[in-house]
Each structure stands twice: as C-alpha cells, then as structure tokens.
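Q: 3D, please:
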Amino acid sequence: MNSTIKKYSLGIISIVSIFLLWQVIVIIKNDAFIFPGVLEILKSSFKIITNKSDLIVLSNTLFKLIIVIIISLLLAGIVAFIYIIFPSSIYFFRPIINILKAAPFAVISIYIFYAFYQTKEIAPGIVTFLVVLPLSFEGLIGAIDNIDKNLIDDMKMLEISTFKKFIYVYIPICVPFIVTTLLQSFGLGLKVMIMSEFMSQVDKTIGGALFNIKYNYDYAYLLGWLVIIITIVSIIDMLIRIISKRSKILSIKK
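A: Below is the predicted model of the structure:
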C-alpha cells in the first residue's frame, strides 16, 4: 500500500513540477499572449471538453482512429492466420513490414497528401494506417511466437480445422497481447492522426482545429488541446502498463 501511495505521490509531484516550471517561464517571459499561465491553459482545456463543437472535433478524430486500428488489426489477424498455416510465409510479410517501419513519416505523409489531394479527408487515415499496421503485425506475430510449443504440439493432434483453432485457442491465449497492441496503436496512432490532419488541413478534426489557430492566435486554446491529448495518451499508457503487468502475472501462474 505504501509503495502504491509513493508511486502516485511521485507522479503527482512530477506533474505539479511541470506546471510550476511552465509558470516560472511565463513570469520570466512576461508575455501572456504567447505564454499563457497554467490556469488559463486549464480553463481552455475545460472549455474544449465542455464545448459541443470541440467535442465533435475530438470525436471525429478518435472515431477515424478507432476505424483505422480495427482495420489494421483485422489485416494483421489475417496475416497471423496465414503464418500459423504456413510459418515460412513470414519471410514474405516481414520485408513489407520492415519497409513500412523504415519509411520516414514525412515522406509517406507528403506523398499520400499529394496523391489524395482531392479527397484529403481520407489521407490522414491512410497515413495512420501505414504507421500502425507494423505495430499490429508485430504484436500478433510476437504473441503467437510466445505460445508454449508444447501447447502448439498438442493442438496439432486435435481433429478440428485450423480456423477453429485460431478462433477458439490462439486468439483467447493472445488476448492480453492483442489488447496491449491495440492500446499501443491508439497512443501512437493518435499523434500520427493529429499531425496528418494538421498537414492536410482537414476540417472538424483536432489537426484541423490546431491549424486554424494560426488565424486567431489563441495559444491558450492550442496548449489546452495539448493538455487533453497528453491526458488521453497518458491514460492509454497507464492501461498498457497495467495489462502488461497482469499478463506477466498470468503467464507466471501458468
């Protein structure tokens, strides 16, 4: 219990320290226009989460991100199923994934935005998909590779189809890894999606809202969005840690 209190206390102290440091910078710079105070930023964050139009902006970005993650996970699931049937197929898929991982985000973004200029609304989704797919692929393949070899040998003796083994055995075993992969994809995907929306200037999205700030110069509003985004990503990161810890405990018990 004391350990838990200590961890949360240090976390709170860390956050407070960041706010205090920012407030010191505000005092030193003495420019409330570019360096709004902590209270002003928090007020902007509160206005964002209570404003209907801003909530629509937030939900539009999150909805598109969830769709992208689901599609990438389904595609990774198909690849994982093929991998179970034909293990050597990994030598076909691995170079593709490595190319996507190695390709610079800026190059992919610029090309996609020009290629889909007339339908720029879908460009951020495509860019995010190309970034998230390798993460989904490696998460599922890694989960399958971590399954006990004795269990895999036992499954080979079962007189049921590979598809049923995949649905009723592989997936349940891999659930903790799948959830962790989903959360990791969400954390990374949110940042990529927002940046892609900003670059393509898509209306009624977080990135589009941030791009429009250059017209009204509301830096408190900009930093208010930053607080919200960091909060969402931090919650996702905390969930990843909890699930990873519990999955390790379960594996030890087994």
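Q: Dump stretch 27-45 to CSV, restricted to CA.
A: Extracted in CSV, the C-alpha atoms of stretch 27-45 (Å, rounded to 0.1, in the frame of the first residue of the first chain):
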residue,chain,number,x,y,z
ILE,A,27,6.8,35.0,-15.3
ILE,A,28,10.2,35.3,-16.9
LYS,A,29,8.9,35.9,-20.4
ASN,A,30,6.1,38.2,-19.2
ASP,A,31,4.1,37.7,-22.4
ALA,A,32,0.7,36.4,-21.6
PHE,A,33,-0.2,36.3,-25.3
ILE,A,34,2.4,33.7,-26.3
PHE,A,35,3.0,32.2,-22.8
PRO,A,36,-0.4,31.9,-21.2
GLY,A,37,-0.5,31.0,-17.5
VAL,A,38,-1.2,27.5,-16.2
LEU,A,39,-4.7,28.5,-15.0
GLU,A,40,-5.5,30.0,-18.4
ILE,A,41,-4.5,26.8,-20.2
LEU,A,42,-6.5,24.6,-17.8
LYS,A,43,-9.5,26.9,-18.4
SER,A,44,-9.1,26.4,-22.1
SER,A,45,-8.9,22.6,-21.7
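Q: What residues of that stretch count as buried?
A: Going by neighbour count (16 or more other C-beta atoms under 10 Å), the buried part of stretch 27-45 is 35, 36, 38, 40, 41, 42, 44, 45. All C-beta spots, glycine's among them, are computed from the backbone N, C-alpha and C.
Q: and that stretch, average pLDDT?
A: The pLDDT scores in stretch 27-45 average 86.
Q: wait, isn't residue 188 in contact with residue 130?
A: No - if you go by C-beta atoms under 8 Å, residue 188 and residue 130 don't touch, sitting 11.9 Å apart.
Q: Quick one: list the elements packing against the helix or strand hosting residue 74.
A: According to DSSP states H and E, residue 74 maps onto helix 52-85. For helix 52-85, the elements it packs on are helix 38-50, helix 90-102, helix 123-145, helix 162-165, helix 171-200, helix 206-211, judged by 3 or more C-beta pairs under 8 Å, 6 or more residues apart in numbering; DSSP states H and E.
Q: Show me what the mean pLDDT comes to for that helix.
A: Helix 52-85 comes out at a mean pLDDT of 91.
Q: Helix 171-200 and that helix, what's the angle between them?
A: 130 degrees (axes from the mean of the first three to the mean of the last three C-alpha atoms, to 10 degrees).
Q: list the buried ones in helix 52-85?
A: 54, 57-58, 60-62, 64-65, 68-69, 72-73, 76-77, 79-81, 83-84.
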